[in-house]
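Chemist: Next comes the sequence, and after it the predicted model I'd like to discuss.
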Amino acid sequence: MQTGNFVEGKVVLVTGAGGGIGREFALALGREGARVIVNDLGASVTGEGRDVSRAQAVVDEIVAAGGTATANGDSVSDWDGANRMVTQAVDTYGRIDAVINNAGILRDRFFFNMSVDEWRAVIDVHLNGPFYISRAAAPHFKAQQSGSYVHMVSTSGLIGNFGQANYSAAKLGLTALSKSIAMDMAKFNVRSNCISPFAWSRMIDGMPTETEEQKARVARLQRMETSKIAPLAVYLCSDDAKDVSGQIFAVRANEIFLMSQIRPLRAMHTAEGWTPQTVAERVMPAMKPSFYKLDRSQDVFDWDPV
Ligand code: NAI
């Protein structure tokens, strides 16, 4: 990535930045002159364990390259931990300018077998966590009349996927949280946007490779480097993005997409009011041609990454 000073002097908190996409965000922000709080619990892909050395290793890389960064090992799914991250940014660097909600875990299971623990663990990290972190930063953003939130979402939520009811629900919930923040905080010049990434990281390298089709899909995914997501995230943290809020972007290798948001698709009305019978006779036949299929992400993004 070309370096510059796009976010010079800004203080940015990146959660889950000890590896994968978040690590690339932290490194890119460091190169672009930001002071970075590198948070990572150092957990396994399913969210177990704790190891702050993962975050510290990224800090060491940033500092070795001439940048400024500090490590934090708190969990995003803990309200006190979320507050400590924000306080650490303010105590260390005097302010906080942007938050990237990136930390993530997976507990995939078909819905009919999913346990309450699997549901809660994923909702805690992907939906409650971003609320806690965003809420903890809000008073600072409000007081300084500026700030940028970037939330990592997923086409598993935006489009759909098998075996990820917990993750899909959390991620689609997060897009609504982002929109709500964008609306509630617009009057304070605070922005909130989502990025739906496609990247080969440990989070998806457990994908099945049994069939030829699955093998081909994994080979395609491996071409989507984690570093490709960072330029848009860095941009969204910068003052240049002052007019960008409430949007959902997707990034896949060298492609950047602006995703649609849900709006009415077809409408019918009746002067007399509907009955189940008239719904059956008139509404469904008219609307059926416009029904969405049970598409998965790869049915919609069905061309090779560029
Ligand atoms: P990753 O597993 O490489 O990185 C996630 C990081 O979050 C890990 O370093 C982990 O230790 C950390 N983490 C987990 N729980 C935490 C907690 N409670 N508090 C603090 N840190 C915690 O995964 P990857 O692929 O880099 O994912 C980054 C984000 O992008 C996630 O939100 C993920 O859901 C999202 N995403 C990724 C996609 C991909 O293609 N890789 C696709 C769609 C969304």
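Modeler: Good, I have the coordinates.

Chemist: Helices of the stretch 201-306 of the chain, start to end?
Modeler: With helices called from DSSP state H, counting those that start in this stretch, the stretch 201-306 of the chain shows them at 212-221, 230-237, 276-278, 284-287, 297-300.

Chemist: no, scratch that, I was asking about the stretch 1-150 of the chain
Modeler: According to DSSP H, counting those that start in this stretch, the helices that the stretch 1-150 of the chain contains are 20-31, 53-64, 79-93, 116-123, 129-144.

Chemist: Only C-alpha atoms, please: export the longest one in PDB.
Modeler: The C-alpha coordinates for helix 129-144 follow below in PDB (Å, rounded to 0.1, in the frame of the first residue of the first chain):
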ATOM      1  CA  GLY A 129     -18.900  -6.000  21.700                       C
ATOM      2  CA  PRO A 130     -19.300  -3.300  19.000                       C
ATOM      3  CA  PHE A 131     -22.100  -1.700  21.000                       C
ATOM      4  CA  TYR A 132     -19.900  -1.600  24.100                       C
ATOM      5  CA  ILE A 133     -16.800  -0.200  22.300                       C
ATOM      6  CA  SER A 134     -18.900   2.300  20.300                       C
ATOM      7  CA  ARG A 135     -20.800   3.400  23.300                       C
ATOM      8  CA  ALA A 136     -17.600   3.800  25.400                       C
ATOM      9  CA  ALA A 137     -16.100   6.100  22.700                       C
ATOM     10  CA  ALA A 138     -19.400   8.100  22.100                       C
ATOM     11  CA  PRO A 139     -18.900  10.700  24.900                       C
ATOM     12  CA  HIS A 140     -15.400  11.500  23.600                       C
ATOM     13  CA  PHE A 141     -16.700  11.800  20.000                       C
ATOM     14  CA  LYS A 142     -19.600  13.900  21.100                       C
ATOM     15  CA  ALA A 143     -17.500  16.200  23.200                       C
ATOM     16  CA  GLN A 144     -14.900  16.800  20.400                       C
END
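
Chemist: picking up where we left off before, now the helices of the stretch 201-306 of the chain in JSON lines, please, with extra columns for mean pLDDT.
Modeler: Converted to JSON lines, these look like this (pLDDT from 0 to 100):
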{"stretch": "helix 212-221", "mean pLDDT": "81"}
{"stretch": "helix 230-237", "mean pLDDT": "98"}
{"stretch": "helix 276-278", "mean pLDDT": "98"}
{"stretch": "helix 284-287", "mean pLDDT": "98"}
{"stretch": "helix 297-300", "mean pLDDT": "94"}
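
Chemist: lowest-pLDDT helix or strand in the protein?
Modeler: Of the helices and strands making up the chain, the lowest-confidence element is helix 212-221, at a mean of 81, by mean pLDDT, DSSP states H and E.
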